[in-house]
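Peer 1: Attaching a predicted model along with its sequence, questions to come.
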Amino acid sequence: MTKTSHPMTLTLASDREILVTRVFDAPARLIFEAHTQCEHLKRWIGPRSVTLARCDNDFRPGGAYRFVYRNADGSEFAFHGEYREIVPYTRLVTTEVYEMEEYPDMEPAINTMTLEERDGQTLMTLSMLYPTPEARDGAVQSGMEHGMREGYERLDELAEAMA
């Protein structure tokens, strides 16, 4: 288990936006790579009860990604999107769509992650801007917060192992 785990803060910043902040005891380079490389994503993203079963990742501006997650019961769910802006170790802007049969034409959320490194720690700020208040509320009600908290604890463990 990692030496330190910092709390995650999740704020409903507006009727369409969720703002997440978290400090990691690791350099920004490592946190950025952990968010953008399948070999690392498979080791931390999501709660412990979920695995990243498939990671398709064309990591470049305009490139697409698709992540398929598998629950402990074998059921699967997926997200896909596009990389809009990549500033290594500092900023990442992506679109994100939760694939649901009942909403095949869902508009994407816009996720903007910034990383600020100071004294060996990195502050991650993640803005998730949804197309509608209902989409934001659906994300909140999905259990996303628990999954993110547990995933970031797993990222602490990965960062310690990578250091």
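Peer 2: Yep, that arrived.
Peer 1: Residues contacting the helix or strand containing Val23, please?
Peer 2: In the assignment (DSSP states H and E), Val23 maps to strand 17-24. Under the criterion CB atoms under 8 Å, 6 or more residues apart in numbering, residues 6-13, 31, 121-130, 136, 139-140, 148, 152, 155-156, 159 lie in contact with strand 17-24. (Each C-beta comes from the backbone N, C-alpha and C, glycine too.)
Peer 1: can you rerun that using 6 Å?
Peer 2: 6, 8-11, 13, 31, 121-129, 152, 159 (CB atoms under 6 Å, 6 or more residues apart in numbering).
Peer 1: buried residues in the helix or strand following it?
Peer 2: As assigned by DSSP H and E, the chain's next helix or strand after strand 17-24 is helix 28-36. Buried residues in helix 28-36, counted by 16 or more other CB atoms under 10 Å: Ala28, Leu30, Ile31, Phe32, Glu33, Ala34, His35, Thr36.
Peer 1: Could I get the average pLDDT for helix 28-36?
Peer 2: For helix 28-36, the mean pLDDT works out to 97.
Peer 1: Could you list the buried residues of the following helix or strand past that helix?
Peer 2: Next along the chain after helix 28-36, taking DSSP H and E as the criterion, comes helix 38-44. Across helix 38-44, burial judged by 16+ other CB under 10 Å covers Cys38, His40, Leu41, Arg43, Trp44.
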